[in-house]
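Participant: Could you work out the structure for the sequence below:
(2 chains)
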Number of protein chains: 2
Amino acid sequence: MNASSWSAGRPLRVALLGCGVVGSEVARLMTRDAEELAQRVGAPLELVGIAVRRLGRERDLDVPADLFTTDAAGLVSRGDIDVVIEVIGGIEPARELILSALDNGASVVTANKALLAEDGATLFEAAEKAERDLYFEAAVAGAIPIVRPLRESLAGDSVERVLGIVNGTTNFILDAMTTNGTGFSEALDEAQRLGYAEADPTADIEGFDAAAKAAILSGLAFHTRMTLGDVHREGITEVSAADIRSASEMGCVVKLLAICEKRDTPDGPAVSARVHPAMIPLSHPLASVRGAYNAVFVESESAGQLMFYGPGAGGAPTASAVLGDVVSVARNRRNDVFGPGESTHAQLEVLDIGRARTRYHVAIDVDDRPGVLAAVAHAFAEFDVSIRTVRQEGSGLDAQLVIVTHEADDAALSATVAALREMDMVRDVSSVMRVEGGF
Amino acid sequence: MNASSWSAGRPLRVALLGCGVVGSEVARLMTRDAEELAQRVGAPLELVGIAVRRLGRERDLDVPADLFTTDAAGLVSRGDIDVVIEVIGGIEPARELILSALDNGASVVTANKALLAEDGATLFEAAEKAERDLYFEAAVAGAIPIVRPLRESLAGDSVERVLGIVNGTTNFILDAMTTNGTGFSEALDEAQRLGYAEADPTADIEGFDAAAKAAILSGLAFHTRMTLGDVHREGITEVSAADIRSASEMGCVVKLLAICEKRDTPDGPAVSARVHPAMIPLSHPLASVRGAYNAVFVESESAGQLMFYGPGAGGAPTASAVLGDVVSVARNRRNDVFGPGESTHAQLEVLDIGRARTRYHVAIDVDDRPGVLAAVAHAFAEFDVSIRTVRQEGSGLDAQLVIVTHEADDAALSATVAALREMDMVRDVSSVMRVEGGF
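Facilitator: Below is the predicted model of the structure:
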């Protein structure tokens, strides 16, 4: 089939998989804004089927009841679908359905970060083989246009680092801890009460959600295939009110960051991706990202520092990102072309966390006696870790050393902390947190 | 020519018009990153000519000397060029060269905001007729990807408002006035000394540059053709240290904003675009945009509030935006397709400033006697302008009323201020400024 076989006005057939919060909003907007979307695509979009788990549930949608089906596999394989929108989430059956859709000639728009982070390669290869699009703007940071800028706007630049606040739940919790001085559990309770955290908050608070997005962002930024398993992951459950106070005393706030970096090694450029709580200075643009908002900060060679900010989740924002992709993909189908696919030409070495360059903030409860600072400083020196600032606080049983290091391999920093914990003069290492954002 | 006549590896021929700060950076990166760019495009990019005003000037570029030519018209019309990059600026000869390039089968990447705002229609129509791309990411807010998100990512959404800090010079000056408490001329001197303002700063400080960008942003956001003449424009030369202090007392900062809005009128939706200094609350994400940085804040129906932040000017950032477009356009040429063109299907009515909805902050020096507040309040009521807050300050000769209104038609607010100036009890209307950003 080539471009000339398309009549200008032929409707493009769209199938929707999933009709939850995001899916129903997509269906609602496609119906309400049909004329506007047709103008933007150059042809009408016709919603020809909506796959749901169960029929008969009340849905406040102005679409014919016979569009609903429980046979998702049948819908994507009927062969006359131009665009499949996958908003089911999870690994299966989403993967099988997307592969079947591509195999049957449809382009695919998905919001499925978990699947992309686990097995994006299979999907992208299938899309390339089928000569169809696989677009996924909604998979990272909700409505914030970040996938397209990385894939296209910065295509002539060299991205060096991506720092992202890409999980609204954890940002809400850390923000509440900062504002109210509460501990983690109290802030989590509040987030759950207000609907910002799920009943089972594991995927958010343990950093799985952010890590999936970090894998996707790294792939885009560095033209190197990364999976969830390549991302070092620490959640926020260990962040204490004392950590938040320590950060504040340094003029910092604590954020759960997704950090994707390129660094030069003796063997050439390599990349790393990690998700963990970190202190960033109040002057950093990411510090002012409040509540459940998301933001992605990009440092690139020519463009310099860019930030993309907006709502990271929610039905309407996610639907906006999905529909933006649907318009692009439908335009491409209409012209019988496809947009940029997966870009993995660099295939840089992926470093584990031990080889990432980080800086630590360490608060150490020590015996208040002469020689403590010298002994502690010696422990850092043993691992070639250079100290940037030391603050001595309190006295007697409250004596504390607060140390911020210079940049070093994370393995050396981590080994230093382990050694400190073994020292007689050290009663407790009461706060350990990485420091990011050019403090 | 159709897709099949392209061999996969045929180089794409690129001509560069202009070799100043941006152009030389584009040439440098195209040479240095040739291999990387070829990977991203799917074919090598071959720089076949660089049009300059004068030959023989020392250029620190690793390109063959015979690429340079003073015959720009001959270069774009030779007929074998795939992509023309226009970074000359100004109206002519840029317009003639772009039209000739399109007419001779090349796609065009331009950073020329003045030309797009004055006569974009002619260029877009020529591009459509030629079935070639006209891309212009670098024309608005330098390296910040904002054109592409508006053209593509938000294509399935409805943009309601765009608030932009799109001129780095004026943002630097206002920031310096805020930080140092200096007046306008002193801050302008500093900006010129540091290279943030040109010797003739008119285009920046009188808002012409921002207004051109506002016209382009409005067109993209509202699918309605707008020109520079449709944009109400006020510069920052009248902003006083007292205005800045007033803003600060209200928890606000003064920014030069480009404001593009859609509003419902009795005759249906309509749009307006304006550039003027305004107070915005410190809590607004735009308030923290410091120095010469730019940011564009977008409010859309589904996506909600988005912000795009980054360097608004400079050789390397602008070159990054240009090269991102070059990669897209070259990919399209290779596939013999073209991307989304001008979108003017909505063609909404364009309102003049009088019909834009705004809010005023007005500081009035008054006689300190009974009945003054009643008389002033009466003047607002006469024009149906509702007062939101009144603060009375000082006494005797220093007596001042500081009033913030609710939203009203700008014409009514402006007429109210004119009436106040005529009142006997009013000694002076010492500060008038619009308030934006949801204060």
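Participant: when you scan the longest helix anywhere in chain A, is anything in it near chain B?
Facilitator: Longest helix in chain A by number of residues (criterion: DSSP state H): helix A:315-334. Yes - against chain B, helix A:315-334 shows contacts by CB under 8 Å from any CB of the partner chain at A:316-317, A:319-328, A:331. All C-beta spots, glycine's among them, are computed from the backbone N, C-alpha and C.
Participant: For the stretch 101-250 of chain A, just list every one of the strands.
Facilitator: For the stretch 101-250 of chain A, strands defined by DSSP state E, counting those that start in this stretch occupy the ranges A:107-110, A:134-135, A:159-165, A:231-233.
Participant: of these, which approaches B:Glu198 most closely?
Facilitator: Smallest distance to B:Glu198 across the strands of the stretch 101-250 of chain A (CB to CB): 30.4 Å, for strand A:159-165.
Participant: Residues contacting the closest one, please?
Facilitator: Residues from elsewhere that reach strand A:159-165, judged by CB atoms under 8 Å, 6 or more residues apart in numbering or on different chains: A:141, A:150, A:171, A:210, A:213-214, A:217-218, A:221-222, A:255-262, A:286, A:289, A:293-301, A:312, A:436-437.
Participant: Give me the buried subset of the residues you listed.
Facilitator: Buried members of those, counted by 16 or more other CB atoms under 10 Å in any protein chain shown: A:141, A:150, A:171, A:210, A:213-214, A:217-218, A:221-222, A:255-262, A:286, A:289, A:293-300, A:312, A:436-437.
Participant: ok, and of those, which contact chain B?
Facilitator: Counting by CB under 8 Å from any CB, the members of the buried ones among the contacts of strand A:159-165 near chain B are A:Ser300.
Participant: quick one on the thing from earlier: turn the strands of the stretch 101-250 of chain A into TSV, including mean pLDDT and mean neighbour count.
Facilitator: As requested, the strands of the stretch 101-250 of chain A are exported to TSV (pLDDT from 0 to 100; neighbours: other CB atoms under 10 Å in any protein chain shown):
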stretch	mean pLDDT	mean neighbour count
strand A:107-110	97	29
strand A:134-135	96	27
strand A:159-165	96	24
strand A:231-233	97	22
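Participant: What's the local residue count around A:Asn117?
Facilitator: I think there's a mix-up here, since residue A:117 is Ala and not Asn. 27 (other CB atoms under 10 Å in any protein chain shown).
Participant: quick one, what contacts the closest residue to it other than its chain neighbours?
Facilitator: Nearest-residue entry for A:Ala117: A:Ala212, 3.7 Å, with adjacent residues in sequence omitted and distances by CB to CB, 6 or more residues apart in numbering or on different chains. For A:Ala212, the contact set (CB under 8 Å, 6+ apart) comprises A:113-114, A:116-118, A:228, A:231.
Participant: Repeat that for A:Gly268.
Facilitator: A:348-349.
Participant: which phi and psi does it have?
Facilitator: phi 110, psi -180 (degrees, to the nearest 10).
Participant: Relative to A:Leu348, how far out is it?
Facilitator: Remark: distance between A:Gly268 and A:Leu348 (CB to CB, to the nearest Å) = 8 Å.
Participant: just A:Gly18 next, same as before
Facilitator: 35 Å.
Participant: With adjacent residues omitted, what lies nearest to the residue in the stretch 51-200 of chain A that chain B sits nearest to?
Facilitator: The stretch 51-200 of chain A approaches chain B most closely through A:Gly156 (2.4 Å), counting by CB to the nearest CB. Using CB to CB, 6+ apart and skipping residues adjacent in sequence, the residue nearest A:Gly156 is B:Leu323, 2.4 Å away.
Participant: I'd say the one you found and A:Ala155 touch.
Facilitator: Yes - contact criterion CB atoms under 8 Å: B:Leu323 and A:Ala155 qualify, at 7.4 Å.
Participant: Which one's more surrounded, those two?
Facilitator: Taking neighbours as other CB under 10 Å, B:Leu323 and A:Ala155 compare with B:Leu323 leading, 29 against 24.
Participant: if I pick that one, what's in contact with it?
Facilitator: B:Leu323 touches A:155-157, A:302, B:26, B:29-30, B:37, counting by CB under 8 Å, 6+ apart.
Participant: Take the residues you listed and lay them out in JSON lines including pLDDT and distance to A:Ala101.
Facilitator: Formatted as JSON lines, the entries for the contacts of B:Leu323 read as follows, by pLDDT from 0 to 100; distance: CB to CB, whole Å:
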{"residue": "A:Ala155", "pLDDT": "79", "distance to A:Ala101": "27"}
{"residue": "A:Gly156", "pLDDT": "79", "distance to A:Ala101": "32"}
{"residue": "A:Asp157", "pLDDT": "85", "distance to A:Ala101": "33"}
{"residue": "A:Ser302", "pLDDT": "89", "distance to A:Ala101": "37"}
{"residue": "B:Val26", "pLDDT": "96", "distance to A:Ala101": "40"}
{"residue": "B:Leu29", "pLDDT": "93", "distance to A:Ala101": "38"}
{"residue": "B:Met30", "pLDDT": "95", "distance to A:Ala101": "38"}
{"residue": "B:Leu37", "pLDDT": "91", "distance to A:Ala101": "32"}
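Participant: Of all pairs in the residues you listed, which one is the farthest apart?
Facilitator: Top of the distance list for the contacts of B:Leu323 (CB to CB): A:Ala155 and B:Val26, 13.9 Å.
Participant: follow-up on the earlier one: distance from the chain centre to the longest helix of chain A, please.
Facilitator: Here the centre of mass of C-alpha atoms in helix A:315-334, compared against the chain's by CA atoms, centre = their mean, to the nearest Å, lies 20 Å away.
Participant: Just the CA trace of it, in PDB.
Facilitator: Included here for helix A:315-334 are C-alpha records, laid out as PDB according to Å, rounded to 0.1, in the frame of the first residue of the first chain:
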ATOM      1  CA  GLY A 315      -6.800  10.800  33.400                       C
ATOM      2  CA  ALA A 316      -7.000  14.000  31.500                       C
ATOM      3  CA  PRO A 317      -3.300  14.800  31.300                       C
ATOM      4  CA  THR A 318      -2.400  11.300  30.200                       C
ATOM      5  CA  ALA A 319      -5.200  11.300  27.700                       C
ATOM      6  CA  SER A 320      -3.800  14.600  26.200                       C
ATOM      7  CA  ALA A 321      -0.400  12.900  25.700                       C
ATOM      8  CA  VAL A 322      -2.100   9.800  24.200                       C
ATOM      9  CA  LEU A 323      -4.100  11.900  21.800                       C
ATOM     10  CA  GLY A 324      -1.100  14.000  20.700                       C
ATOM     11  CA  ASP A 325       0.500  10.700  19.700                       C
ATOM     12  CA  VAL A 326      -2.700   9.500  18.000                       C
ATOM     13  CA  VAL A 327      -2.700  12.600  15.800                       C
ATOM     14  CA  SER A 328       1.000  12.100  14.800                       C
ATOM     15  CA  VAL A 329       0.600   8.400  14.200                       C
ATOM     16  CA  ALA A 330      -2.700   8.800  12.300                       C
ATOM     17  CA  ARG A 331      -1.100  11.500  10.100                       C
ATOM     18  CA  ASN A 332       1.800   9.100   9.400                       C
ATOM     19  CA  ARG A 333      -0.600   6.300   8.600                       C
ATOM     20  CA  ARG A 334      -2.500   8.600   6.200                       C
END
